[in-house]
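Undergrad: heads up, no residue letters with this:
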């Protein structure tokens, strides 16, 4: 039961972290455009959520069960928020590039 509670808290944290990331990106678009766009492709902040899923097998192998639930929760929270805001998108090609 403790794992479920940790997972749910991490989902909410991931959701609000994603809101914050989106706010910062929107506040300084010219600064973050260079960081989030490479060779004509825009990498959305939902990639942070996807990246957290890649760390899960490493955590499971090292018996870090609670860290695994935190990473999964954060990842799902970030992806849920981005899906609500922009759609289920991770990488898009910039027009004209």
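TA: Yep, it's here. Remember, it's a predicted structure, so these values are computed and weren't measured experimentally.
Undergrad: list the buried ones in stretch 50-59?
TA: Neighbour-count burial for stretch 50-59, with 16 or more other Cβ atoms under 10 Å as criterion, is recorded at 52, 56, 59. Backbone N, C-alpha and C define where each C-beta goes, glycine included.
Undergrad: oh sorry, the question was meant for stretch 76-90
TA: With the criterion 16+ other Cβ under 10 Å, stretch 76-90 contains buried residues 76-82.
Undergrad: what ranges do the helices span in this structure?
TA: Taking DSSP state H, the helices of the chain run over residues 2-27, 29-36, 46-61, 65-85.
Undergrad: Next up, the contacts around residue 41.
TA: 91-94, 97 (Cβ atoms under 8 Å, 6 or more residues apart in numbering).
Undergrad: Which of those fall within strands?
TA: Using DSSP state E to define strands, the subset of these located there is 91-93.
Undergrad: who wins for most neighbours among those?
TA: Each of those was scored for neighbours by other Cβ atoms under 10 Å, and residue 92 scores highest at 14 neighbours.
Undergrad: so how far is residue 7 from it?
TA: In this structure, residue 92 and residue 7 are 29 Å apart, going by Cβ to Cβ, to the nearest Å.
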